[in-house]
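Trainee: this is the structure alone, sequence omitted:
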Ligand code: LMR
């Protein structure tokens, strides 16, 4: 059987991560995978996470299964922190998922099961794994335009693309900190976009992997509430990888949201069946960490404070890089980098330029030009900007 296999290229983000790790140069610059790094280049374990882990090690009495839907208290507390006006079990319900990607996969499979004719509308550009995951569940994909190298989202352009959608089609939206552009619609524009989606009888599918990285936890969560309040039904993929810094613990949740809808429990039984036949039951550790933090006011306050420190460093990096690029190359408008949110922004380069940057300068951007600004050493920003503009 194995002789039938053809080599398959790995995802471009994973390929860049691997190449960076293997590069022996000491002055290499990592703009690659979406992982936060501090000024020293480390991705620390957050204080509250360390404390929660200590308590778990001491207090845990069993390692028996957690159930197909995972730690339901975790799902309840996490979803409640994102959608405070929504009762768990009545207005929303869901399962613990294997990271945000696992949540996207479960919800995509559910949408395919419940509406096999639905097409999936994705922003162009979007996170490359969206297309890969949707392709793996046999989905038909379409795209709507999203701004590149600009700070404003053109809602009219998106809605006019969605004029070609059929009722029941699914629209992928990024909760905040759009990956890869870093550009989010302002709340009024987002409201207009969601109203247009609802008018066209489409289903919003929100991928929220960066709650807390844009305007802070409450404001980023409010964006998701805004969508939920305007749409009769919503699919919601939540990730704890970045905002709790527990990337390798693969912790997330797949949620079905619809105020007071008695069908929620029935739809959730389908989600549970998909989970059971995919991996049976999720791992416990990451969800237990997050639950422990949410259950303790002091730990929660400390986690939120550290999340703010992380968010602020990324903000400083964005502004510093935009300014340094403006010094290095004055004939371009770099304000979109400063005005964006979260880890990512785009550099206007071809995949060949990205390769040149990697090979000649040791600067690792994703081939589509995505830069993770959270990983750079702010004190070296002029040096880094000079390397980036060398290929423009
Ligand atoms: C990213 O976009 O870099 C992260 O979400 C990590 C990943 O899995 O691609």
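Mentor: Cool, the structure landed. Since the model is a prediction, treat every value here as computed from it, not as a measurement. Numbering: from 1, shown residues only.

Trainee: only C-alpha atoms from now on, for both contacts and neighbour counts.
Mentor: Noted.

Trainee: what residue spans form the domains of the chain?
Mentor: 2-45+299-389, 60-297 (automatic domain parsing).

Trainee: per-residue confidence averaged over the helix ranked longest in the chain?
Mentor: Using DSSP state H to define each element, the chain has its longest helix at helix 297-328. For helix 297-328, the mean per-residue pLDDT is 97.

Trainee: again, but for stretch 334-352
Mentor: 97.

Trainee: measure it end to end?
Mentor: 22 Å (CA to CA, to the nearest Å).

Trainee: would you mark the buried spots in that stretch?
Mentor: For stretch 334-352, burial by neighbour count (16 or more other CA atoms under 10 Å) applies to 334-349.

Trainee: so which of the residues you listed are in helices?
Mentor: Those of the buried residues of stretch 334-352 lying in helices (DSSP H): 335-339.

Trainee: buried ones in the longest helix of the chain?
Mentor: Buried residues in helix 297-328, defined by neighbour count with 16+ other CA under 10 Å: 299-300, 302-304, 306-308, 310-315, 317-326, 328.

Trainee: ditto for stretch 364-383
Mentor: 364-378, 381-382.

Trainee: again, but for stretch 34-54
Mentor: Residues 34-38, 46, 48-49, 52-53 are the ones in stretch 34-54 that count as buried (16+ other CA under 10 Å).

Trainee: list the contacts of residue 158.
Mentor: Contacts for residue 158 (CA atoms under 8 Å, 6 or more residues apart in numbering) come out as 144-146, 193.

Trainee: burial of residue 65, as a residue count?
Mentor: 13 (other CA atoms under 10 Å).

Trainee: wait, it touches residue 71, no?
Mentor: No. Judged on CA atoms under 8 Å, residue 65 makes no contact with residue 71 at a distance of 9.8 Å.

Trainee: hang on, the earlier thing: most tightly surrounded among the domains of the chain?
Mentor: domain 60-297 (a mean of 20; mean count of other CA atoms under 10 Å).

Trainee: still on that earlier bit, which among the buried residues of stretch 34-54 gets closest to the ligand?
Mentor: residue 34 (3.4 Å; CA to the nearest ligand atom).

Trainee: residue 156 - that's part of a strand, no?
Mentor: No. Counting by DSSP: H, G, I helix; E, B strand; the rest coil, residue 156 is not found in a strand; it is helix.

Trainee: returning to that earlier point: which ones among the buried residues of stretch 34-54 map onto strands?
Mentor: In strands, defined here by DSSP state E, there are no members of the buried residues of stretch 34-54.

Trainee: which ones among the residues you listed also lie next to the ligand?
Mentor: Applying CA under 6 Å from any ligand atom to the buried residues of stretch 34-54, one finds that residue 34 fall near the ligand.

Trainee: want to try JSON lines for the buried residues of stretch 34-54, with pLDDT as columns?
Mentor: Listed next are these as JSON lines, based on pLDDT from 0 to 100:
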{"residue": "34", "pLDDT": "95"}
{"residue": "35", "pLDDT": "96"}
{"residue": "36", "pLDDT": "96"}
{"residue": "37", "pLDDT": "95"}
{"residue": "38", "pLDDT": "93"}
{"residue": "46", "pLDDT": "98"}
{"residue": "48", "pLDDT": "98"}
{"residue": "49", "pLDDT": "98"}
{"residue": "52", "pLDDT": "98"}
{"residue": "53", "pLDDT": "98"}
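
Trainee: quick check: residues of the chain near the ligand?
Mentor: 13, 33-34.

Trainee: tell me the contacts of residue 204?
Mentor: Contacts here follow CA under 8 Å, 6+ apart; on that basis residue 204 touches 170-173, 194, 197, 231, 233-235.
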